[in-house]
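> quick one: sequence plus predicted model below, questions after.
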Amino acid sequence: MKKIGGSVFILLAVLCIFGCNKKENNNKTNSDTMENVQVSDYGVTAKGDSIKKYTLSNKNGMKVEIINYGGIITSLTAPDKDGKYQDVVLGFTKPEDYFNGNPYYFGALIGRYGNRIANAKFTLEGKTYDIDKNDGPNSLHGGKEGFHTKIWTVEPVKDAKLPTLKLTYVSADGEEGYPGKLTTTVLYTLTDDNALEISYEAETDKATVVNLTQHSYFNLSGNFSNLITDHELQINADKFLPVNKTLIPVGEEKEVKGTPFDFTAAKSIGKDINSEDEQLKLGGGYDHNWILNGNGMRTIATVYHPASGRVMEVMTDQPGVQFYSGNFLDGKFDTKTGGKYEKRSGFCLETQHYPDSPNQPAFPSTELKPGQKYQTKTIYKFSVKK
């Protein structure tokens, strides 16, 4: 009995040491992760709300800064061919410019419905809903008080292996005219291979429509006085959606081949942007939805900036992407590197469902019903080509 008891004691001691070490290692992992998520004061809104900034960093030195107002990405750094990290997303120099409307939607989470809905209305289950009319006759990006203007609940994910932020916003039934109480969760994760992963989830208590996206403008040169017309873009799409004069899809799917909209092979954004093309004139440049090839998570676009060597790959499981060439940037605001944000000083690749889908039955449905879960993911991955 004495011998057995001694063995048991030794076994318990070993298990305790193993368990303690395991716990210590787990705590170390969590501690390391939390060290890569820093929180600081950012600003105060006109209503007196204190806004926080969350800085995620990875082992390479890449950083992304996110505020809880609008879930906005205010800064994102990426290395050039010499290893120099520079901010590559457009943004304001003063917090109040985000708080006072953010007219360009710089860096914001967009909802409930990214892109345009014709005549600011749609019919769902036999009932017509009038939503906020904030873009001529149409509704754009969820309305004037869309998700880009809301204060999100933000918390670092403590048990995540990589620096991750969880953002939550509950949109009340009837907000901006949309039906249903919608609970939305977004995860921002910064990986060690220099990728920013954005995962979206949403649930509703009443049938509604949902189309969430991220509205960052990129300029891979790292100098926001430069235009993005020298960036080389490839989009994995054989078709796009032509639009009318208010930029609503006319319902036709048009082949890109033989048009300025053909990015199946990489070409500079500026190569055809000033072509005598009716669609380009309507948008003042590119502001259209491309119908993406394939299904599931796949690489849908690649952007290369030759001078810096920076490359950005975009991966998503969504059916479409809105490529916007910054046509409405108008020089009214200072850039973060000096000068003004002029027309075409940034571009967007907004992964999404198609514009005006609630009014166009032939498009993939954006309806979300109670008991269903909206889930989608997009990744922006940065690398270098020397």
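Ah, there it is.
> and stretch 201-208, end to end?
Start-to-end span of stretch 201-208 (Cα to Cα, to the nearest Å) is 14 Å.
> now do the buried residues in it.
Across stretch 201-208, burial judged by 16 or more other Cβ atoms under 10 Å covers 201-204, 206, 208. Yep, even glycine has a C-beta here, placed from its N, CA and C like the rest.
> so for that stretch, mean pLDDT?
On average, the pLDDT along stretch 201-208 is 98.
> in CSV: the buried residues of stretch 201-208, plus distance to residue 270 and secondary structure.
Shown next, in CSV, are these (distance: Cβ to Cβ, whole Å; DSSP: H, G, I helix; E, B strand; the rest coil):
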residue, distance to residue 270, secondary structure
201, 38, strand
202, 37, strand
203, 43, strand
204, 42, strand
206, 46, coil
208, 40, strand
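> which among the residues you listed gets closest to residue 151?
Nearest to residue 151 out of those is residue 202 (Cβ to Cβ; 17.7 Å).
> now do the closest one against residue 164, distance only.
According to Cβ to Cβ, to the nearest Å, residue 202 and residue 164 sit 18 Å apart.
> again with residue 275
43 Å.
> of the two, which one has the most company?
Looking at residue 275 and residue 164 with other Cβ atoms under 10 Å, you find the greater number of neighbours at residue 164, namely 22 against 12.
> so what's that one up against?
Residue 164 makes contact with 33, 37, 56, 156-157, 187-190 under the criterion Cβ atoms under 8 Å, 6 or more residues apart in numbering.
> my guess is residue 131 contacts residue 119, does it?
No - here residue 131 lies out of contact with residue 119, judged by Cβ atoms under 8 Å, at a distance of 9.6 Å.
> tell me which of those two has more neighbours.
Higher neighbour count among residue 131 and residue 119: residue 131, with 24 against 17, using other Cβ under 10 Å.
> who's in contact with that one?
113, 117, 120-122, 139, 143, 176-178.
> ok, 7 Å please
For residue 131, the contacting residues are 117, 120-121, 139, 143, 176-178, by Cβ atoms under 7 Å, 6 or more residues apart in numbering.
> ok, now which ones touch the closest residue in space to it that isn't next to it in sequence?
Once flanking residues are discounted, residue 131 sits nearest to residue 177: 3.6 Å by Cβ to Cβ, 6 or more residues apart in numbering. Applying Cβ under 7 Å, 6+ apart to residue 177 gives the contacts 129-132.
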